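Enquirer: Fold the following.
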Amino acid sequence: MVIVIVVLLMLLSIGLFGLLLAGAKRQTAPVFDHSFGFGMVIGAVTDFLDTLGIGSFVVSTAIFQASHYLKDERQLPGTLNTMHAIPTAFEAFFFVTAVTVEPVTLISLVLAATLGALLGSEVMTKLNQRWVQLTMAGALIITALLMAAKLLGWISLLGVANQATGLSGWKLLIGIGGNFILGLLMSAGVGLYAPCMVMVYFLGLTPIAAFPIMMLSCALLMPISAVNFIRHDRVDYRGLFGIILGGIIGVVVAATLVKSLSLTALSWLIVLVSCWTAFSLWRAAQRQKHVL
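Expert: Model prediction:
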């Protein structure tokens, strides 16, 4: 099963890279430009943190907002999902060998998240700039609240006594429905890690089971949902290939070289940054309302 998953991730990553090259060519965007180096820095930092469990969407969005990196914020969800898809596949390469979830549970939950993201990405491509800004602001607030709950230890308390490595019956149906919704939200910029962890803990799975479900869900849903964003030209290609390369480097460094690192203070800082970025997006959306 592990070999099948690894091969699938490789094929999806190669296919996505080809689609990105075609999309860049269609928009006459160069693969190497003056933003390539800055893109590498963004990718290295955000995917390094993602591999350590902090997540990449919040930090990426904050950097984009602070540096005014994106010319059109309607491209924010699509750019986030495409820039982190291939590095996330590399994350899965490192951690998938430790899969401890029953195959039926793992496959059904991952497929549900992928279908949800495919539908969600189609919806996101139809939204105007103001609604994208409001959606992303809400996504960041939700993410900040879940990160704070995780840092306070409230999430881990849910799974302390859990032993199950698989779901069945009504619990499996709830898990499938829940991960479908999380896939929808992922395409809108809500990170899947923390809410997925809460869900599987509530359903009785052992805490270690959350990791393969989370990582494989993201690794599969991001390249598939990216197809819609690329098709509707909702991706900013400026420095994108630098971000992807930097992201791969960040994943490799975090997964192979970092053995122990205190991230508590940094995580709290990112919670604050998430709230600040959400406020910035909300304020921008209010300005758009007055313009309209």
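
Enquirer: what is the mean pLDDT for stretch 60-77?
Expert: For stretch 60-77, mean pLDDT rounds to 84.

Enquirer: And that stretch, what's buried?
Expert: 60-65, 69, 73-77 (16 or more other C-beta atoms under 10 Å). All C-beta spots, glycine's among them, are computed from the backbone N, C-alpha and C.

Enquirer: Show me which of those residues is closest to residue 23.
Expert: Nearest to residue 23 among the buried residues of stretch 60-77: residue 75, at 11.6 Å, using C-beta to C-beta.

Enquirer: Where does the closest one sit: helix, strand or coil?
Expert: Three-state assignment for residue 75 (DSSP: H, G, I helix; E, B strand; the rest coil): helix.

Enquirer: need the contact list for it.
Expert: Shown in contact with residue 75 (C-beta atoms under 8 Å, 6 or more residues apart in numbering): 234-236.

Enquirer: now stretch 122-130, how far from the chain's geometric center?
Expert: Taking C-alpha atoms, centre = their mean, to the nearest Å, one finds the center of stretch 122-130 at 18 Å from the center of the full chain.

Enquirer: Could I get the average pLDDT for that stretch?
Expert: In this model, stretch 122-130 carries a mean pLDDT of 75.

Enquirer: For that stretch, measure first residue to last.
Expert: For stretch 122-130, the separation between the terminal residues is 17 Å (C-alpha to C-alpha, to the nearest Å).

Enquirer: ok, the nearest residue to residue 235 once chain neighbours are set aside - contacts?
Expert: What sits nearest to residue 235 in space, not counting adjacent residues and going by C-beta to C-beta, 6 or more residues apart in numbering, is residue 78, at 4.6 Å. Residues counted as contacts of residue 78 (C-beta under 8 Å, 6+ apart) are 121, 124-125, 226, 228-230, 232, 234-235.
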